[in-house]
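J.: Got a predicted structure here, sequence first:
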Amino acid sequence: MNDWIPVYQAAHSLEAHTLKGALESRGMAVKLQGEALAGALGELPMDVAQVTLLVQEKDWQRARTFLQDYQRKSQGTWHCGSCGEENDASFEICWRCGSGPEGPEQ
């Protein structure tokens, strides 16, 4: 019985490996599927390069919750609590003043 099920479709290998490491650090086993196709990109459509993350069925809900939070954080913007500058969601600190979303570190 195959208890590995897809939980996320990464845009590319770098994202897949980053998320794999994050899930593994939380005690979940992860397999990647489709990574070998990246070498054929000159001849295949770009969306074929996507890599699927698979987790065991028992970890699916926990992995999905983590990945939904990851997706939510990677979209949109936030405003710096110190200078008010708008920052892309991918920034953990303000590009303008170096403070976090809640303001300067204490």
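T.: Sure, I can see it. Residues are numbered from 1 along each chain as shown.
J.: and the gap between Pro6 and Gly98?
T.: The gap separating Pro6 from Gly98 is 39 Å, by C-beta to C-beta, to the nearest Å. Where C-beta positions appear, they are placed from N, C-alpha and C, glycine not excepted.
J.: nope, Asp59 is what I meant
T.: Taken as C-beta to C-beta, the span from Asp59 to Gly98 is 37 Å.
J.: same check, this time on Glu15
T.: Between Glu15 and Gly98 the computed distance is 26 Å (C-beta to C-beta).
J.: So for these two, which residue has more residues nearby?
T.: Glu15 (17 against 12; other C-beta atoms under 10 Å).
J.: Skipping adjacent residues, who's closest to that one in space?
T.: Val51 (7.7 Å; C-beta to C-beta, 6 or more residues apart in numbering).
J.: Val7 - how many residues pack around it?
T.: 22.
J.: Then the one 4 residues further on?
T.: Ala11: 12 surrounding residues under other C-beta under 10 Å.
J.: Nearest residue to it in space, please, no chain neighbours.
T.: Gln50 is the one closest to Ala11 (C-beta to C-beta, 6+ apart), at 6.2 Å.
J.: Hmm, Glu15 and that neighbour touching each other?
T.: No. Under the criterion of C-beta atoms under 8 Å, Gln50 makes no contact with Glu15, lying 9.3 Å away.
J.: Let me know the average pLDDT across stretch 61-69.
T.: On average, the pLDDT along stretch 61-69 is 94.
J.: So which bits of it are buried?
T.: Ala63, Phe66, Leu67 (16 or more other C-beta atoms under 10 Å).
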